[in-house]
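Undergrad: Pasted the sequence and its predicted model underneath.
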Amino acid sequence: MKNILIIFLCFIMYGNSFGQSESRMQLSGTWTGKAEGHPIKFEILEKDPNSITFSFINFQNERFTILKSDVTTNEKNEFIISIKEAKFSSQRYEDCIFSTGTLTLSDVLQNSMKINLKSVGPTCFISYDVLVNMNDIKDLTLTKEKSNK
């Protein structure tokens, strides 16, 4: 009886991890929307199950990439990305490393989702009159771009 219970629990754990992996694969790709009246892209690239990169690309083609993060889900089936390291792609801002913030992906469907980005900081000072930050995003709806595969 004990062995049956152990096997049953293993199947449940395998099923849950497979479901999460399948959901993450469904998220992979490019998502588009508008933030403050300007187009924005959000890319999710999964190199392998343990390596996922998230990037925001603004209308000027500047990229803000989350390089290190912890990804979890909650009881609302939201993906919570705790940012550990992020930066802008421009060499002008190469010294600006951001190490805090939370990205939440919610209402995830096959072709749409909502994102919230909170408190990615601190603000990076380039000089006394030039500062760089990643603004918070609240309830931005994105649509998945069709792949050309």
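TA: Perfect, I can see it now.
Undergrad: host element of the most centrally placed residue in the chain?
TA: Centroid-nearest residue in the chain: residue 54, 4.5 Å away (criterion: Cα atoms, centre = their mean). If you go by DSSP states H and E, residue 54 is part of strand 51-57.
Undergrad: Partner strands of that strand and their direction?
TA: strand 38-48 (antiparallel), strand 63-73 (antiparallel) (DSSP bridges).
Undergrad: Ramachandran coordinates for residue 93?
TA: phi -110, psi 20 (degrees, to the nearest 10).
Undergrad: related to what we said a few turns ago, the residue nearest to the centre of the chain and residue 46 touch, don't they?
TA: No: counting by Cβ atoms under 8 Å, residue 54 sits too far from residue 46 to count as a contact (10.2 Å). Where you see a C-beta, it was placed from the backbone N, CA and C, and this is true even at glycine.
Undergrad: re the thing from before, what residues of the strand holding residue 54 count as buried?
TA: 52, 54, 55, 56, 57 (16 or more other Cβ atoms under 10 Å).
Undergrad: List the contacts of that strand.
TA: 24, 40-47, 63-67, 69, 71, 81, 103, 117, 134 (Cβ atoms under 8 Å, 6 or more residues apart in numbering).
Undergrad: what's the answer for stretch 79-86, then?
TA: 23-24, 27, 54, 64-74, 97-106, 108, 120, 134.
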